[in-house]
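# this one's structure only:
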């Protein structure tokens, strides 16, 4: 999982930190209304990004070898949203690390069923097939990932050119 996969961006972290500092400072100066507003906004941020946060923490545990915690966090997300691509991919990544390739492929295929154009899933699927020594399947999956990535970059460039031509900068 990469940081680009998450909907949570760096500026969301800055906003969360600023709201936390604002809540603490407001409590110090006894402005309780501002404390309530700050905490409410933090709550809204958490509600908007809870799936991303759980998957990110799960990835943290995966990288430290705590597979049970990683599974648990992904399972929490999937119990609420069984179509969450980030959680499906993270679950596949955990299973791949545990060398349970059959289950890992099942999670990859679920993710692909939800969004066939999400290239990190195809890369992960290629890695799993490679680990199973299924070179032909690995090549097919990586070719699909490359095609999706190329199509995405091509569309991005096309939109940038159109923006310049029509002055949407």
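Cool, the structure landed. Because the structure is a prediction, the values reported are computed rather than measured. Numbering: from 1, shown residues only.
# Could you point out the helix or strand that follows the helix or strand containing residue 44?
Using DSSP states H and E, residue 44 falls within helix 32-63. Counting by DSSP H and E, the next helix or strand C-terminal to helix 32-63 is helix 67-80.
# Specify the angle between that following helix and helix 32-63 in degrees.
Interaxial angle, helix 67-80 versus helix 32-63 (axes from the mean of the first three to the mean of the last three CA atoms, to 10 degrees): 120 degrees.
# what's the distance between helix 67-80 and the middle of its chain?
Centroid separation for helix 67-80 versus its chain: 14 Å, with CA atoms, centre = their mean, to the nearest Å.
# What residues sit buried inside that helix?
70, 71, 73, 74, 77, 78 (16 or more other CB atoms under 10 Å). No exception for glycine: its C-beta is placed from N, CA and C like everyone else's.
# Including distance to residue 142 and pLDDT, could these go into CSV?
Converted to CSV, the buried residues of helix 67-80 look like this (distance: CB to CB, whole Å; pLDDT from 0 to 100):
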residue, distance to residue 142, pLDDT
70, 25, 96
71, 27, 96
73, 28, 95
74, 24, 96
77, 27, 95
78, 26, 96
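# Need the residues you listed in JSON lines (columns: distance to residue 55).
Below are the buried residues of helix 67-80 laid out as JSON lines (distance: CB to CB, whole Å):
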{"residue": "70", "distance to residue 55": "10"}
{"residue": "71", "distance to residue 55": "12"}
{"residue": "73", "distance to residue 55": "7"}
{"residue": "74", "distance to residue 55": "7"}
{"residue": "77", "distance to residue 55": "6"}
{"residue": "78", "distance to residue 55": "10"}
